[in-house]
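In: fold the following.
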Amino acid sequence: MNDASPLAEGKALAHGPGALSGLKVIDLTRVLGGPYCTMVLSDHGADVIKLEPPQGDETREWGPPFDDAGDASYFIGINRNKQSVGLDLSKPAGREVLLRLLEDADVLIENFKPGSMEKWSLGYEDVLSGRFPRLIHCRVSGFGADGPLGGFPGYDAVLQAMVGLMSINGTETSGATRLGNPIVDIATGLFSAIAILMALHEREKSGRGQFCDMTLHDCGMALLHPHAANFFLSGKRPKATGNPHPNLAPYSKFQTQTCEIFVAAGNDPAFRKFCELLDMPEMASDPRFTTNGARVTNRDALTAVLNARFANEDGHELTRRMRAAGLPAGPVLNVDEAMAADHTAHRKMVTELGAYRGLGTPIKLSRTPGGTRSGPPLFNEHGNAVLRRHGFSGAEIAALASEGVLVQKRRK
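Out: The predicted structure follows:
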């Protein structure tokens, strides 16, 4: 599918087979972490076959907004470049279809409750590793299969709470606050893509596949930098600091006459340059602010000085001058403003194909660029074609459809 000719009309489209061309992925995931992983792979040429349960990926209903086909934006945003097959794996015939699809597959990724694949006689150790010795099997779960929390379900916000991310987000007065985007799910998708690519690289040497045990718990904890590092060294419980950085100053949001801005001075030379640009050279020699440690200790005093200095500035113009001087700074933009920004277009971070619009791939490769190849699939849009491509006869496909194994329409 992904070796098709380059698409001509649209934005941030794939123009070539991609770095992962020839890689076949059977995708049994739904919701976010797994589908995000497989979108990353499909953006770069992997042939991703998304096997959806009879009710479909539940994010098709996570709206409004919905498109004309009735699919929610949540689903649309993470399922481009994939082929959809409606398959009932609760039926033995459905599991036989899966096994046939796996015969030449490189990767199987699923996010069933741990133990489900084993219950269906599809466990990696007992069945799949012997039958398909080169297969990479990636399981995405909340907590893994064993341990005190093994087997329990996990959702992004619950894991944000349990791994400590909520405790460092927000302010001391707001209390623990959920991050606005599902950062644990997205990070798990990214870490899972990395794990799969590592396993594929190792397979080139050993000729053997392996099992990737990916959990929201572990991936959420891996995001706790620098707060975990601060705790390990100091023994003190990290607190929510709001916009300011716990280890750097100034590194925070400020109000100007025209907009809010974010300013970051990561070291002492940068702070001195920052003071010169603001025509405040005396601030650089103030004992309260001469070193980063002193500035962190005296953060409130520094914030008061800068708020007064910025009050009459045009934030957009000020941050342009700061960037021109090599100082990291920018206006605080809303999502619609960020989508419309000139640099967003220059970096091809909005992709369009027909009625489909989405975020472009951030992975920019010089010889094998990725991008959009097809919009998100309708439910079972490719069911018949995928099975025919894998040797199923017309009679077999018709029988599977009549038995409800190949699911033609989503069941509510």
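
In: strands of the stretch 1-150 of the chain, start to end?
Out: For the stretch 1-150 of the chain, applying DSSP state E, counting those that start in this stretch gives strands covering 24-28, 47-52, 82-86, 107-110, 136-141.

In: and the second one, what does it pack against?
Out: Pointing back at strand 47-52 there. Contact here means 3 or more Cβ pairs under 8 Å, 6 or more residues apart in numbering; DSSP states H and E; on that basis strand 47-52 packs against strand 24-28, helix 33-43, strand 82-86, helix 92-101. For the C-beta atoms, the positions are set from N, CA and C on the backbone; glycine is no exception.

In: repeat for the fourth one
Out: Applying 3+ Cβ pairs under 8 Å, 6+ apart, one finds that strand 107-110 contacts strand 24-28, helix 33-43, strand 136-141, helix 183-206.

In: now distance to residue 285 too, for those, in a markdown table please.
Out: Formatted as a markdown table, those follow (distance: least, Cβ to Cβ, whole Å):
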| stretch | distance to residue 285 |
| --- | --- |
| strand 24-28 | 59 |
| helix 33-43 | 49 |
| strand 136-141 | 53 |
| helix 183-206 | 40 |
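
In: can you put those in TSV and add mean neighbour count?
Out: As requested, the helices and strands packed on strand 107-110 are exported to TSV (neighbours: other Cβ atoms under 10 Å):
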stretch	mean neighbour count
strand 24-28	23
helix 33-43	27
strand 136-141	26
helix 183-206	18
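
In: and residue 320, which of those is closest to it?
Out: Checking the helices and strands packed on strand 107-110 against residue 320 by Cβ to Cβ gives helix 183-206 as the closest, at 29.4 Å.

In: so for that closest one, what's the average pLDDT?
Out: Per-residue pLDDT over helix 183-206 has a mean of 98.

In: tell me the angle it makes with strand 24-28.
Out: 140 degrees (axes from the mean of the first three to the mean of the last three Cα atoms, to 10 degrees).

In: what are the contacting residues of helix 183-206?
Out: With Cβ atoms under 8 Å, 6 or more residues apart in numbering as the contact definition, helix 183-206 has outside contacts at 23, 31-37, 39-41, 106-107, 109, 134, 136, 138, 140, 156, 159-160, 163, 165, 209-210, 212, 214-216, 219-220, 222-223.

In: who touches residue 363 in this structure?
Out: Taking Cβ under 8 Å, 6+ apart, we find residue 363 in contact with 40, 43, 44, 370.

In: how does it look with 10 Å?
Out: By Cβ atoms under 10 Å, 6 or more residues apart in numbering, residue 363 lies in contact with 19, 40, 43, 44, 193, 369, 370, 371.

In: can you pull the buried residues of the host helix or strand of residue 232?
Out: Residue 232 is part of helix 227-234, with elements assigned from DSSP states H and E. In terms of neighbour count (16 or more other Cβ atoms under 10 Å), helix 227-234 has its buried residues at 227, 228, 230.
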